[in-house]
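In: From the sequence below, what's the structure:
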Amino acid sequence: MMNNYKPASLFKRLLVIGYDGLLLIAVLFIATALTLPLNGGEAITSQHALFPFLVIYWFLISFVFYGWFWTHGGQTLGMKTWRLQLISTDNKKVSWKQAFVRFCCAIFSLLLFGLGFLWSIFNEKKSTLHDILSNTILIDKN
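Out: Prediction:
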C-alpha cells in the first residue's frame with residue numbers, strides 16, 4: 001500500500017464527478033443519436049422493446065469512457081482539472097479489471113444514496129467503497 005500520497009477529499013471527488021458527468025452526458029447524447037436509425041428516427045422510450053438494450057449500451061459506453069482514462073494515465077479530464085489521479089495499490093498501472101470493479105461499485109454506491117462515497121468521511125485513509133474493492137487509490141497531486 002502506498003502511504004506517502006495525499007488521498008483525495010470527498011469535496012474534490014464530487015467536483016470531479018460533476019465535471020466528468022457533463023462530459024459523459026455529451027458522449028451519451030452522441031451515442032444515443034447513433035441509435036436513432038434503429039427506431040426509424042424516433043426516440044427509444046422506456047416502453048420500447050429496445051430500451052433494455054439501450055441501457056446496456058449506455059452502461060458500456062460509460063464504462064469505456066471512464067475505463068479508458070483510468071487505464072491510460074489514471075486521470076479523466078475532470079481529474080486532470082482538479083489534480084487528482086487514480087493509482088493501483090500495487091504500484092502497477094490500473095487494470096481493466098480494476099476499472100470495471102471500480103465503475104460497478106461506484107454506480108452501486110451512488111444508487112445507495114452515496115453511502116459508498118460517504119464511507120470516505122469515516123475512513124482514516126479517505127478511501128471510498130469502490131477504492132477499497134478495486135484496490136485503487138485516488139490521490140491529490142497538490
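In: residues of the longest helix anywhere in the chain that come out buried?
Out: Longest helix in the chain, counting residues (DSSP state H): helix 10-33. Using 16 or more other Cβ atoms under 10 Å as the test for burial, helix 10-33 gives 10, 12-13, 15-17, 19-20, 24, 31. To be clear about C-beta, it is placed using only N, CA and C from the backbone, and glycine gets the same treatment.
In: gap between the residue of the chain most remote from its centre and residue 32?
Out: The centre of the chain is farthest from one residue, residue 40, which by Cα atoms, centre = their mean lies 32.0 Å away. Using Cβ to Cβ, to the nearest Å, residue 40 is found at 15 Å from residue 32.
In: again with residue 114
Out: Distance from residue 114 to residue 32, by Cβ to Cβ: 26 Å.
In: Give me the contact list for the worst-scoring helix or strand of the chain on mean pLDDT.
Out: When each helix and strand of the chain is scored by mean pLDDT, DSSP states H and E, helix 115-122 comes last, with a mean of 92. The contact list for helix 115-122 (Cβ atoms under 8 Å, 6 or more residues apart in numbering) reads 7, 10, 13-14, 105-106, 108-110, 126-131.
In: Quickly name whichever of the residues you listed is closest to residue 69.
Out: Proximity of those to residue 69 (Cβ to Cβ) peaks at residue 106, which lies at 13.5 Å.
In: That closest one: neighbour count?
Out: For residue 106, the neighbour count with other Cβ atoms under 10 Å is 20.
In: again, but for residue 66
Out: 18.
In: Now whichever strand or helix holds it: buried residues?
Out: Using DSSP states H and E, residue 66 sits in helix 51-71. If you call a residue buried by 16+ other Cβ under 10 Å, then helix 51-71 has these buried ones: 54, 57-58, 61-63, 65-67, 69-71.
In: now it, how far from the chain's geometric center?
Out: 10 Å (Cα atoms, centre = their mean, to the nearest Å).
In: just checking, what packs against it?
Out: Here helix 51-71 touches helix 10-33, helix 96-111, going by 3 or more Cβ pairs under 8 Å, 6 or more residues apart in numbering; DSSP states H and E.
In: Save those as CSV, and put in mean pLDDT and distance to residue 118 too.
Out: Listed next are the helices and strands packed on helix 51-71 as CSV, based on pLDDT from 0 to 100; distance: least, Cβ to Cβ, whole Å:
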stretch, mean pLDDT, distance to residue 118
helix 10-33, 96, 8
helix 96-111, 96, 9
